[in-house]
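[1] Sequence and computational prediction follow.
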Amino acid sequence: MNNPSIRTLLPLQDVRILSLSLNLPGPAALTRCQQMGASCVKLEPPAPAGSAPGTSGDPMGWYQRSAYDVLHQGVRVVVADLKTAQGQDTLHQELAQADVLLTSFRPSALKKLGLEWLPLHQRYPSLSQVAIVGAPGALAEEPGHDLTYLAENDLINGLELPATLYADMAGSLMASEAVLKSQLLKRQQGSGCYLEVALSAAAGYLALPRSWGLTQAGAAVGGGHAGYRVYPCLDGRVAVAALEPHFAKALCAAAGIHYASVLTMVAPSTHEQIGAYLLGMSRNALEAIASEKDIPLYTLAS
């Protein structure tokens, strides 16, 4: 499909978003919205007393400045202490022009800032709010972070930290989706709405394949299928994803294994034979075979 109008479609063009969100989920959601054409403003608290000039009031600005810079490209950042009268004036000047308010505070903190939904909706009826919280409903007051939400949903293995911040990033996608939903509802209803995104629910969504048994030990994508595993190779590792029969047949053919049916791939002997074959192959050789025989795999240095 080469229609240029589709390639440049910006579904949030002319939508103005005001964010009060700090750390990762809110800014990541704001980045997605900005990429979809939204005009984005973020209010940040002042930097802590004694900070170096240019220090951000967002914790990410000092513990990972490079990530902060990426997440704020194209975003107008305004410093405002919302606990002061001046900061409240700045807040309401921005709210008067906004279509969506993006927050990531606990409900009690929003109440202290005068940002409870009902009075906010009465004052700005066309404004929608997307509230990122840790957990839904009354649990939104409980402390938590990406790691605890993953643990709650059985997504932590042993003592190793996860490879990335899954709940935060999934929550950011759900939040940007909620922004889109708010604008569709506004067109239908003529007024703004309140939508909540819980990071624990985002982790729960990512965990669904595990809860269904798809990734449990011994399941097809849990190590039970010989064509869907990570194996050692001669000079590193190889992630093999030859799950469908035509890919599995190609892998077996390369390894000199007779493929009779899908049951071939769950046989212990197939695991052993494929493992032995891959262990004797270099990464370069495996990448060449994958290209020649159309086998989905990716090699890793270690």
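    Thanks, I have it.

[2] contacts and neighbour counts: CA atoms only from here.
    Will do.

[3] how about the strands in the stretch 51-200 of the chain?
    Using DSSP state E, counting those that start in this stretch, the strands of the stretch 51-200 of the chain run over residues 76-79, 100-103, 128-133, 194-198.

[4] quick one, helices of the stretch 51-200 of the chain?
    Counting by DSSP state H, counting those that start in this stretch, one finds helices in the stretch 51-200 of the chain at the ranges 60-63, 65-71, 85-95, 107-112, 117-123, 146-152, 166-189, 199-206.

[5] Just send those helices back as CSV, with mean neighbour count, distance to residue 266 and mean pLDDT too.
    Listed next are the helices of the stretch 51-200 of the chain as CSV, based on neighbours: other CA atoms under 10 Å; distance: least, CA to CA, whole Å; pLDDT from 0 to 100:
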stretch, mean neighbour count, distance to residue 266, mean pLDDT
helix 60-63, 16, 46, 88
helix 65-71, 15, 42, 94
helix 85-95, 15, 58, 97
helix 107-112, 14, 50, 95
helix 117-123, 13, 54, 97
helix 146-152, 19, 29, 96
helix 166-189, 20, 30, 97
helix 199-206, 23, 26, 97
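
[6] can you tell which of the ones you listed is closest to residue 228?
    Evaluated over the helices of the stretch 51-200 of the chain, closeness to residue 228 peaks at helix 199-206, with 19.4 Å, by CA to CA.

[7] Low-confidence stretches in the stretch 1-150 of the chain?
    Across the stretch 1-150 of the chain, the stretches falling below the confidence threshold (pLDDT under 70) are 1-7.

[8] and the protein, what are its domains?
    Taking automatic domain parsing as the criterion, the chain consists of the domains 4-209, 220-300.

[9] Between the helices of the stretch 51-200 of the chain, which one is closest to residue 223.
    Residue 223 sits nearest to helix 199-206 of all those, at 18.7 Å, using CA to CA.

[10] pLDDT (mean, whole number) over the helix or strand just after the closest one?
    If you walk from helix 199-206 toward the C-terminus, the next helix or strand you reach (DSSP states H and E) is helix 208-211. Over the span of helix 208-211, the pLDDT mean works out to 94.

[11] Show me the contact partners of helix 208-211.
    215, 216 (CA atoms under 8 Å, 6 or more residues apart in numbering).

[12] Could you list the alpha-carbon positions for that helix in CSV?
    C-alpha atoms of helix 208-211 as CSV (Å, rounded to 0.1, in the frame of the first residue of the first chain):
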residue,chain,number,x,y,z
LEU,A,208,-1.8,-13.6,29.3
PRO,A,209,0.1,-16.0,27.1
ARG,A,210,1.7,-17.4,30.2
SER,A,211,-1.6,-17.7,32.0
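
[13] List the buried residues for it?
    Counting neighbours by 16 or more other CA atoms under 10 Å, one finds that the buried residues in helix 208-211 are residue 210.

[14] Alright, calling it a day.
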